[in-house]
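A.B. asks: the sequence isn't on hand, but the structure is:
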């Protein structure tokens with residue numbers, strides 16, 4: 001069993017309130033969850049209206065599959081025009097860890 005985690009630190013564009021931030025972040029989280037069958041949540045920067053930390057987690061039988069899914073999730077979020085991806089951090093745990 002392999003477990004992968006991805007943290008995406010993003011800067012939002014033209015957002016002026018926390019309510020507006022939620023209206024931008026929520027559909028992206030739903031799309032990532034639906035398209036890749038992963039767990040995803042806003043995991044940080046909840047009190048900042050122009051920053052968000054998105055956390056993604058996936059469990060699979062192979063490390064390669066975990067990496068592929070996390071790569072796809074990162075590309076989807078990075079490709080959104082309303083976001084600027086500031087950083088992406090990953091962790092992969094396998095049977096030897």
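C.D. replies: Perfect, I can see it now. Given the structure is predicted, the values throughout are model-derived calculations rather than measurements. Residues are numbered from 1 along each chain as shown.
A.B. asks: which stretches in this structure count as strands?
C.D. replies: 2-12, 39-44, 51-60, 83-93 (DSSP state E).
A.B. asks: got the contact list for the nearest residue to residue 57 once chain neighbours are set aside?
C.D. replies: Among residues not flanking residue 57 along the chain, residue 39 sits closest, at 4.5 Å (Cβ to Cβ, 6 or more residues apart in numbering). Every C-beta, even on glycine, is put in place using the N, C-alpha and C of the backbone. Contacts for residue 39 (Cβ atoms under 8 Å, 6 or more residues apart in numbering) come out as 33, 56, 57, 58.
A.B. asks: now which of these would you call buried?
C.D. replies: Neighbour-count burial (16 or more other Cβ atoms under 10 Å) is assigned, among the contacts of residue 39, to 56, 57, 58.
A.B. asks: tabulate these (CSV), appending pLDDT and distance to residue 96.
C.D. replies: Rendered in CSV, the data for those read as follows (pLDDT from 0 to 100; distance: Cβ to Cβ, whole Å):
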residue, pLDDT, distance to residue 96
56, 98, 23
57, 98, 19
58, 97, 18
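A.B. asks: reformat the residues you listed as TSV; add distance to residue 3.
C.D. replies: Supplementary listing: the buried ones among the contacts of residue 39 in TSV, determined by distance: Cβ to Cβ, whole Å:
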residue	distance to residue 3
56	12
57	7
58	7
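A.B. asks: between those residues, which is nearest residue 5?
C.D. replies: Nearest to residue 5 among these: residue 57, at 5.2 Å, using Cβ to Cβ.
A.B. asks: how many residues are close by residue 85?
C.D. replies: For residue 85, the number of neighbouring residues by other Cβ atoms under 10 Å comes to 16.
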